[in-house]
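**Student:** structure, please.
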Amino acid sequence: MKGIIFDFNGTMFQDSHFHEEAWIHMIRRYSDRQLTDDEILKQIHGRTNDEILRYFISSDLTNEEIARLSYEKEAYYRNLCQQHPEQLVLTKGLEETLDLLKYQAVPFTIATATVKENVVFYFDVFHLARWFDLNQVVFDDGSFPGKPQPDIFVKAAAKLHLKPQDCLVIEDAYSGLLAARRAEIGRIIAIDPQGKNQSLFEAKEIRKDALIQDFTNFYTNCFAIASM
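**Tutor:** Residues are numbered from 1 along each chain as shown. You can find the predicted model right below:
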């Protein structure tokens with residue numbers, strides 16, 4: 001493998017519970033639907049706001065309504081994050097991994113289903129400019145379909161000037177793993193810090209090359225071996 005593409009939410013930052021809380025708030029406010037655990041897993045995590053809002057609230061929402069509701073949800077989410085500063089930390093082992101990748105001059109970037117406002121928030125909170133160029137990050141700008149379609153990872157590989165087959169992807173979401181597979185990513189690693197999704201990730205339709213809980217010894221155990 002020649003480069004790495006990181007998902008962000010639930011991968012680099014363990015914030016899945018904040019997103020779930022924000023979406024549950026929004027869906028209860030604007031819909032009478034009841035969410036199931038399966039829907040949260042497959043229809044929220046890794047999906048774009050446009051897709052989530054049309055699925056849970058109304059398929060007839062206008063672009064203006066999508067923009068307004070998306071802004072409301074993300075503002076609610078960021079407020080949740082700021083209410084819990086003790087949880088604003090990168091996944092265990094990630095900082096050391098990024099330092100080593102940078103030192104070894106390995107190309108890497110982020111491909112996230114979130115919106116630009118959140119990416120800017122993360123760059124500020126986590127000082128991501130130590131490792132990443134904001135202009136190289138692929139996020140939901142409305143110009144391509146979200147996961148599980150492959151576009152986001154194809155675009156991220158192009159940002160690194162690599163073929164998808166030469167990239168390694170780390171993902172925590174069902175839809176993200178499907179997207180990586182459809183993009184024909186060379187190596188796909190699932191991250192499951194809480195151990196909740198192992199059985200799903202091991203399903204036949206989800207190809208994964210490894211399952212990790214955090215980034216402890218990631219470079220040695222996952223990237224270096226894959227690059228040999």
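**Student:** from residue 34, how far out is residue 131?
**Tutor:** Computed as CB to CB, to the nearest Å, the residue 131 to residue 34 distance reads 41 Å. All C-beta spots, glycine's among them, are computed from the backbone N, C-alpha and C.
**Student:** between the two, point out the one with more neighbours.
**Tutor:** residue 131 (18 against 8; other CB atoms under 10 Å).
**Student:** surely the more buried one and residue 102 touch.
**Tutor:** Yes: using CB atoms under 8 Å, residue 131 is in contact with residue 102, at 5.7 Å.
**Student:** so who does residue 157 touch?
**Tutor:** Applying CB atoms under 8 Å, 6 or more residues apart in numbering to residue 157 gives the contacts 3, 5, 163-164, 166-167, 183, 185.
**Student:** what about 10 Å?
**Tutor:** 2-3, 5, 107, 109, 111, 138, 163-167, 169, 183-186 (CB atoms under 10 Å, 6 or more residues apart in numbering).
**Student:** got the domain ranges for this structure?
**Tutor:** When the chain is parsed with the TED database, its domains come out as 1-13+88-222, 14-84.
**Student:** give me the outermost residue of this structure relative to its centroid.
**Tutor:** residue 32 (27.6 Å; CA atoms, centre = their mean).
**Student:** quick check: next helix or strand after the helix or strand hosting residue 23?
**Tutor:** Taking DSSP states H and E as the definition, residue 23 sits inside helix 16-30. Proceeding N to C from helix 16-30, the next assigned helix or strand is helix 37-39, under DSSP H and E.
**Student:** residues contacting the spatially closest residue to residue 130 that is not a sequence neighbour?
**Tutor:** Excluding its sequence neighbours, the residue lying closest to residue 130 (CB to CB, 6 or more residues apart in numbering) is residue 98, at 7.6 Å. Residues near residue 98 by CB under 10 Å, 6+ apart: 4, 6, 12, 90, 106, 108, 128, 130-132, 215, 218-219.
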